[in-house]
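Chemist: Requesting a structural model of the entry that follows:
(2 chains)
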2 protein chains.
Amino acid sequence: MVNVAILGYGVVGSGVAEVIKKNSESIRQRAGTEIKVKWILDIRDFPGSPDKDVLTKNADDVFNDSEVSIVVETIGGARIAHEFTKRALMAGKSVVTSNKELVATHGPELLQMAKENGVSYLFEASVGGGIPIIRPLNQCLAANEINGITGILNGTTNYILTQMKKEGKSFEAALKEAQQNGYAEQNPTADVEGHDACRKIAILSSIAYNEFVDCENIYTEGITKITVDDMKYADAIDGVIKLIAVSKKSGGKIFARVSPAIVRNEHPLSNVEDVFNAIVVNGDAVGDAMFYGRGAGKLPTASAVVADVIDIAKHPDSGTAGVWVRTEENNILPIEESTARFLVRVNAKNIADAKKDILSVFGETDFVELHSKANDNEFAFISGKIAESEFAAKLDKLESVPDITVLNRIRIEE
Amino acid sequence: MVNVAILGYGVVGSGVAEVIKKNSESIRQRAGTEIKVKWILDIRDFPGSPDKDVLTKNADDVFNDSEVSIVVETIGGARIAHEFTKRALMAGKSVVTSNKELVATHGPELLQMAKENGVSYLFEASVGGGIPIIRPLNQCLAANEINGITGILNGTTNYILTQMKKEGKSFEAALKEAQQNGYAEQNPTADVEGHDACRKIAILSSIAYNEFVDCENIYTEGITKITVDDMKYADAIDGVIKLIAVSKKSGGKIFARVSPAIVRNEHPLSNVEDVFNAIVVNGDAVGDAMFYGRGAGKLPTASAVVADVIDIAKHPDSGTAGVWVRTEENNILPIEESTARFLVRVNAKNIADAKKDILSVFGETDFVELHSKANDNEFAFISGKIAESEFAAKLDKLESVPDITVLNRIRIEE
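Modeler: Below you'll find the model as predicted:
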């Protein structure tokens, strides 16, 4: 029998209790032992809760209970969750979490602490909700050198972009609908500005490249400036705009970025719609492998948490395998030095003149025009694949031409 | 240091040796110990091979070497591979294999033998080539009751069907091209008749439902009768024809089938093309999760084999968790009792009369006609969702009408 304590009885925490109860028999078979929720810690009252017998407001009940060997942290945030995680690990209890903020911020120290105490710190649910991705990266693809990871890691923004594309809604209208449907928070900043996706690609990259990738060093751009017109141009070049989190390792340096990007229709990520997430991992032996599913939600996320709990119950002595070392210098290639191809939308008084200016600034480019458009003075062009700093300088130069207005620029994922 | 012996120096076996050598440093980090290929057993000569120092023709070199703790079986087939696998397990060596035939046929006994000898029998590479799917099912989705699995599990047939659809080639021409490109064997029966996919869905189902699913009991239909005309009708109802392997569990009975089926364009499997494989797993907590990648090939398959080797090297004492129990009675629902919806293509002298006949036999149906078709007497209809036995009886009745010829019938995946 393995006793578990759940910290935080919110959406995910209550889902964990529900899954452990509902599938207790098959979980017992797979874990080789019974798994029981002994405590649920939360400062709030939950009258009539099905778990009222194990609810407590006293943290000592959990931490002083030597029978509790696994602590599930589903509090969120990096303050109380951080304190409680440290306290659990120091008390020789393994910790399982869905808390991407905590893992992305304090992962190296918490993994080290777990290792020193001979316990595990697992976080399958921190990326991709219920999609198995952390364990596949760590174990199933362990024979590979990982070359890169490309993912749609945030369901809220993917839902918004899907609504904009399919229903022609504005960003604001699609966001509002997402909030009404419970797919977006009342304060949507972490999602729509890309911070959530950034934490997740930082976690995946740290595993893939075996060194800590700090999300603070990753260039991050959200989707708030994307318009339905941008999507029409993406469509004209057989692509679709997604919030793409990407990282690559080559020559000892790591490239990482979160930004809206045009994904071509033949790319496996182009069909990932609504709140679904998907992650493409490129390994030197396996080639591309993709993992797809619900990136959030009570039961999918709980499914991933409980899988980690079962793993620890099965291998109580295996401890934490990999620790993430913080490199002394920033190991991320500065965004200015990375290369990209852009689609640039412009408005010009005289299109023929503007095209000449664009050719003289950017060299050879492809022009894109829509068959039916609201504004005759609008078109787009596709830049060559150049350094971001060079692109920025050229765009500045173009914007200095009096009759040309740059409406937007969007990277093309290649 | 962990010493490995590879049995069979063919495509996969040599790939395993290559991956272990090439990524030795990162494998050492992940496994926590060095992994070394000590022996490669093959009766053939390989002059000039990079692995000539470890090649042997004498099986005793492997089985009598107490330093060898892991045996990689990449011989294939169920005869010599079976003997050697038993010999290795009895000698207390863990076995890793890519051999789906052996696992699908003798899995229950070999897993039991591994358990009794305190060693592991792992076979991640037996399904989906390099795609992580066995371990995710066993571990990452361990908190779920698995409701069903739907997959494109054979790359050869998926390549042929993709060529037929995209290039308008006949089955025979597409098969020939697949053979020329090395995607199909000279004797393609196991692939095109669905036997390979059948073994794989049997393995996945055995894991998912925790009881042995014998591929001998699974209804299996290949793609040899599929025509380009069938594909046009699939396209007309916004679908595409794939060789689909499916299994579901409900009410204690397992439904399983391998057959060509029309997959609607919004289904995540519809975009899986060429030699790629993909598997959708539906769990009660996670919902749908999909795994996608190269289902075959030297290095992808080797990647999966080596992942299993690393897992055993990390947890040498964990042994084999699940064994598959053979049920006394056939646990598969007879195909006649399962339900399906069909698209039926017919040729009729008088279309109006034929439609009346169809309505009187099948009740309410949807008719499908192509905008441009070679033959004015041809059309299709979609049956209701009825028991296969009922469908077969109705189809017999329809075929007895003198002026109606049934050209083909294809299941619709729902």
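Chemist: since we're on A:Asn210, how many residues are nearby?
Modeler: A:Asn210: 16 surrounding residues under other C-beta atoms under 10 Å in any protein chain shown. Every C-beta, even on glycine, is put in place using the N, C-alpha and C of the backbone.
Chemist: no no, A:Ala352
Modeler: Counted with other C-beta under 10 Å, residues neighbouring A:Ala352 total 7.
Chemist: List the contacts of the helix or strand hosting it.
Modeler: A:Ala352 is part of helix A:351-362 when elements are defined by DSSP states H and E. By C-beta atoms under 8 Å, 6 or more residues apart in numbering or on different chains, the surrounding residues in contact with helix A:351-362 are A:346, A:348, A:365, A:367, A:377, A:379, A:381, A:383-384, A:394, A:397-398, A:401, A:403-404.
Chemist: Can you give me the domain assignment for chain A?
Modeler: Split into domains by the TED database, chain A comes to A:2-129+A:299-314, A:133-294, A:336-412.
Chemist: Let's have those in TSV, adding mean pLDDT.
Modeler: Conversion of the domains of chain A to TSV gives the following (pLDDT from 0 to 100):
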stretch	mean pLDDT
domain A:2-129+A:299-314	96
domain A:133-294	96
domain A:336-412	94
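Chemist: Export these to JSON lines and append columns for distance to B:Val325.
Modeler: Listed next are these as JSON lines, based on distance: least, C-beta to C-beta, whole Å:
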{"stretch": "domain A:2-129+A:299-314", "distance to B:Val325": "11"}
{"stretch": "domain A:133-294", "distance to B:Val325": "26"}
{"stretch": "domain A:336-412", "distance to B:Val325": "53"}
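Chemist: show me what contacts A:Gly130?
Modeler: Contacts of A:Gly130 by C-beta under 8 Å, 6+ apart are A:293-295, A:297, A:299-301, A:303-304, B:283, B:285-287, B:289.
Chemist: Let me know the pLDDT of it.
Modeler: For A:Gly130, the pLDDT comes out at 92.
Chemist: State whether it is indeed within a strand.
Modeler: No. If the criterion is DSSP: H, G, I helix; E, B strand; the rest coil, then A:Gly130 is coil and not within a strand.
Chemist: Which residue, neighbours along the chain excluded, lies closest to it?
Modeler: With C-beta to C-beta, 6 or more residues apart in numbering or on different chains as the criterion, A:Gly130 has its nearest non-adjacent residue at 2.9 Å, and that residue is A:Pro300.
Chemist: State the distance from the one you found to B:Lys200.
Modeler: 25 Å (C-beta to C-beta, to the nearest Å).
Chemist: How about A:Val37?
Modeler: Separation of A:Val37 from B:Lys200 (C-beta to C-beta): 36 Å.
Chemist: between these two, which one's more packed in?
Modeler: B:Lys200 (27 against 21).
Chemist: Quick one: residues contacting the more buried one.
Modeler: B:100, B:104, B:126-128, B:151, B:153-154, B:245.
Chemist: What residues of the helix or strand containing it count as buried?
Modeler: Using DSSP H and E, B:Lys200 sits in helix B:195-209. Of all the residues in helix B:195-209, those buried under the rule 16 or more other C-beta atoms under 10 Å in any protein chain shown are B:195-209.
Chemist: next one: stretch A:380-390
Modeler: A:380-383, A:386, A:388.
Chemist: if we can go back for a sec, wait, the residue nearest to A:Gly130 touches B:Asp284, no?
Modeler: No. Counting by C-beta atoms under 8 Å, B:Asp284 is not a contact partner of A:Pro300; they are 10.6 Å apart.
Chemist: out of the two, which sits in the more crowded spot?
Modeler: Using other C-beta under 10 Å as the criterion, A:Pro300 and B:Asp284 rank with A:Pro300 on top: 27 against 17.
Chemist: That one looks like it's in a helix, true?
Modeler: Yes. Applying three-state DSSP, one finds A:Pro300 inside a helix.
Chemist: distance of it from A:Ser26?
Modeler: A:Pro300 is 17 Å from A:Ser26, by C-beta to C-beta.
Chemist: Then A:Val119?
Modeler: A:Val119 is 25 Å from A:Ser26, by C-beta to C-beta.
Chemist: Tell me which of these two has more neighbours.
Modeler: Applying other C-beta under 10 Å to A:Val119 and A:Ser26 shows that A:Val119 carries more neighbours, namely 25 against 17.
Chemist: For the spatially closest residue to the more buried one that is not a sequence neighbour, give the beta-bridge partners.
Modeler: Distance criterion C-beta to C-beta, 6+ apart; nearest residue to A:Val119, sequence neighbours excluded, is A:Ser94 at 4.3 Å. Note on A:Ser94: beta-bridge partners by DSSP bridges are A:Ile70.
Chemist: Now for A:Ser94: which residues touch it?
Modeler: A:Ser94 neighbours (C-beta under 8 Å, 6+ apart): A:69-71, A:88, A:114, A:119-122, A:312, A:316.
Chemist: A:Val119 too?
Modeler: A:Val119 makes contact with A:89, A:92-95, A:319-320 under the criterion C-beta under 8 Å, 6+ apart.
Chemist: Can you tell me which of those residues is closest to chain B?
Modeler: Distance to chain B, by C-beta to the nearest C-beta, is smallest for A:Gly319 among the contacts of A:Val119, at 10.3 Å.
Chemist: Make sure the closest one is indeed in a strand.
Modeler: No. Using three-state DSSP, the assignment for A:Gly319 is coil, not a strand.
Chemist: Tally up the residues packed near it, please.
Modeler: 16.
Chemist: same question, the one 5 residues further on
Modeler: Neighbouring residues of A:Trp324 were enumerated by other C-beta under 10 Å; the total is 21.
Chemist: same question, A:Glu25
Modeler: Neighbours of A:Glu25 (other C-beta under 10 Å): 10.
Chemist: now A:Asp403
Modeler: Counted with other C-beta under 10 Å, the neighbours of A:Asp403 add up to 12.
Chemist: swap in the one 4 residues further on?
Modeler: Using other C-beta under 10 Å, the number of residues around A:Leu407 comes to 16.
Chemist: How about A:Ile43?
Modeler: Other residues near A:Ile43 come to 11 when the count uses other C-beta under 10 Å.
Chemist: isn't it right next to A:Lys57, touching?
Modeler: Yes. Shown here, A:Ile43 and A:Lys57 form a contact pair, counting by C-beta under 8 Å, at 5.4 Å.
Chemist: how about stretch A:99-109, does it get close to chain B?
Modeler: No. Counting by C-beta under 8 Å from any C-beta of the partner chain, chain B has no neighbours in stretch A:99-109; the shortest distance is 15.8 Å.
Chemist: Kindly export that stretch (C-alpha atoms) in PDB.
Modeler: Taking Å, rounded to 0.1, in the frame of the first residue of the first chain, the C-alpha atoms of stretch A:99-109 are listed here in PDB:
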ATOM      1  CA  ASN A  99       3.100  23.000 -11.800                       C
ATOM      2  CA  LYS A 100       5.100  24.200 -14.900                       C
ATOM      3  CA  GLU A 101       5.900  27.500 -13.300                       C
ATOM      4  CA  LEU A 102       7.700  25.900 -10.400                       C
ATOM      5  CA  VAL A 103       9.500  23.300 -12.600                       C
ATOM      6  CA  ALA A 104      10.600  25.900 -15.100                       C
ATOM      7  CA  THR A 105      11.800  28.300 -12.400                       C
ATOM      8  CA  HIS A 106      13.300  26.000  -9.700                       C
ATOM      9  CA  GLY A 107      13.700  22.700 -11.500                       C
ATOM     10  CA  PRO A 108      17.500  22.400 -11.100                       C
ATOM     11  CA  GLU A 109      17.400  22.900  -7.300                       C
END
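Chemist: circling back: now the contacts of A:Gly130: which count as buried?
Modeler: Using 16+ other C-beta under 10 Å as the burial test, the contacts of A:Gly130 include A:293-295, A:297, A:299-301, A:303-304, B:283, B:285-287, B:289 as buried.
Chemist: list the buried ones in stretch A:19-27?
Modeler: Under the neighbour-count criterion of 16+ other C-beta under 10 Å, stretch A:19-27 has A:19-20, A:22-23, A:26-27 buried.
Chemist: Having no further points to raise, I will conclude here.
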